[in-house]
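Engineer: this one's sequence-less:
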Ligand code: SAM
């Protein structure tokens, strides 16, 4: 998988993308990342990428020309034109389903906005416009790293253990992940559920499923509607939602 970003701050990516699992996945050739400086597609002495909005108003907007020219150039490079992703608080909400869809692309180019936003005409270049949540960030770079992180976890070999990504929240039948514990079995008066110490895999699996349903009903009741549950499981989930409490762990 090839990721590229077009940004006026191309230096901000590497501390995060070169560390830990993402760094290892890059070194293993599972993905590559290249940041392009948008100012390389300007033609004036000040390398200007922004201008004042028509009609007045606060702040500056990113000009269309450098972004159009950069995308012309970058699309002509490489074997295949990239899937172009823009970011905006007005975009489609990024979630695990979108991450799964993007993980099937070969080459993704993120265009990272700054200032008060981007000239609207530039969005004609977008294959996707994504928002990572209902809040306003200073720029699209963090959003690009959020998307890259979530997508890389889905690429074969990235996590080492192929099952890890399958088991996580949202990936497993649209439910949140079950509670997990490590040693010690008892800490500050809080005991790990006995079933997890039993070594009985069938009981452990049943407990995890039940715990995942309970946590989803408590914390994300909106997911219960679409989660594939048996009639019995759905009735229990709806009971938890109505009561506002379950039997197990709390955050
Ligand atoms: N004036 C714009 C508005 O109100 O919709 C916000 C522009 S924001 C200050 C600058 C850039 O940050 C955006 O172009 C986008 O690239 C990025 N950004 C801000 N909030 C974001 C969010 N929730 N999700 C993804 N990107 C975001």
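Structural biologist: Thanks, I have the structure now. Model, not experiment: these values are computed from the prediction.

Engineer: tell me the secondary structure for the closest residue to the ligand within the stretch 1-150 of the chain?
Structural biologist: Relative to the ligand, the nearest point of the stretch 1-150 of the chain is residue 113 (2.2 Å; CB to the nearest ligand atom). All C-beta spots, glycine's among them, are computed from the backbone N, C-alpha and C. Secondary structure, DSSP: H, G, I helix; E, B strand; the rest coil: residue 113 is coil.

Engineer: show me the contacts for residue 40.
Structural biologist: residue 70 (CB atoms under 8 Å, 6 or more residues apart in numbering).

Engineer: measure it to residue 115 for me?
Structural biologist: Residue 40 sits 18 Å away from residue 115, going by CB to CB, to the nearest Å.

Engineer: what does residue 180 give?
Structural biologist: Distance, residue 180 to residue 115, by CB to CB: 42 Å.

Engineer: the more surrounded of those two?
Structural biologist: Per other CB atoms under 10 Å, whichever of residue 180 and residue 115 has more neighbours is residue 115, with 16 against 10.

Engineer: mind checking pLDDT for the closest residue in space to residue 32 that isn't next to it in sequence?
Structural biologist: Nearest residue to residue 32, sequence neighbours excluded (CB to CB, 6 or more residues apart in numbering): residue 2, at 5.3 Å. pLDDT recorded at residue 2 is 98.

Engineer: cool, and residue 164?
Structural biologist: On the pLDDT scale, residue 164 gets 70.

Engineer: that one: neighbouring residues, count only.
Structural biologist: So residue 164, with other CB under 10 Å, has 12 neighbours.

Engineer: ramachandran angles for the residue nearest to residue 32?
Structural biologist: For residue 2, the backbone dihedrals (degrees, to the nearest 10) come out as phi -110, psi 120.

Engineer: same deal with the one 5 residues further on?
Structural biologist: Phi and psi for residue 7, reported as degrees, to the nearest 10, are phi -150, psi 160.

Engineer: cool, and residue 107?
Structural biologist: Torsion angles at residue 107 (phi, psi; degrees, to the nearest 10) stand at phi -150, psi 120.

Engineer: circling back to that earlier point, give the contact list for the residue of the stretch 1-150 of the chain closest to the ligand.
Structural biologist: Shown in contact with residue 113 (CB under 8 Å, 6+ apart): 62, 86, 87, 88, 139, 140.

Engineer: residue ranges in the stretch 101-250 of the chain under the pLDDT threshold?
Structural biologist: 162-163, 172, 246-250 (pLDDT under 70).

Engineer: which residue ranges of this protein form helices?
Structural biologist: 14-17, 20-27, 64-76, 96-102, 141-152, 164-167, 201-219, 221-224, 231-243 (DSSP state H).

Engineer: what distance separates the opening and closing residues of stretch 10-24?
Structural biologist: Length of stretch 10-24, first residue to last, CA to CA, to the nearest Å: 21 Å.

Engineer: state the mean pLDDT of it.
Structural biologist: If you average the pLDDT over stretch 10-24, you get 97.

Engineer: can you tell if that stretch touches the ligand?
Structural biologist: No - using CB under 6 Å from any ligand atom, stretch 10-24 never reaches the ligand; the gap is at least 12.7 Å.

Engineer: hmm, what's the outermost residue in the chain?
Structural biologist: Of all residues in the chain, residue 45 has its C-alpha farthest from the mean position, at 37.0 Å, by CA atoms, centre = their mean.

Engineer: could you pull up phi and psi at it?
Structural biologist: When read as degrees, to the nearest 10, the backbone of residue 45 gives phi -60, psi -30.

Engineer: now the most centrally placed residue in the chain. Nearest residue, chain neighbours left out?
Structural biologist: With distances taken as CA atoms, centre = their mean, the residue of the chain nearest its centroid is residue 147 (3.7 Å). Closest residue to residue 147 apart from its sequence neighbours, by CB to CB, 6+ apart: residue 94 at 6.1 Å.

Engineer: who's in contact with the one you found?
Structural biologist: Going by CB under 8 Å, 6+ apart, residue 94 touches 130, 131, 132, 133, 143, 146, 147, 150.
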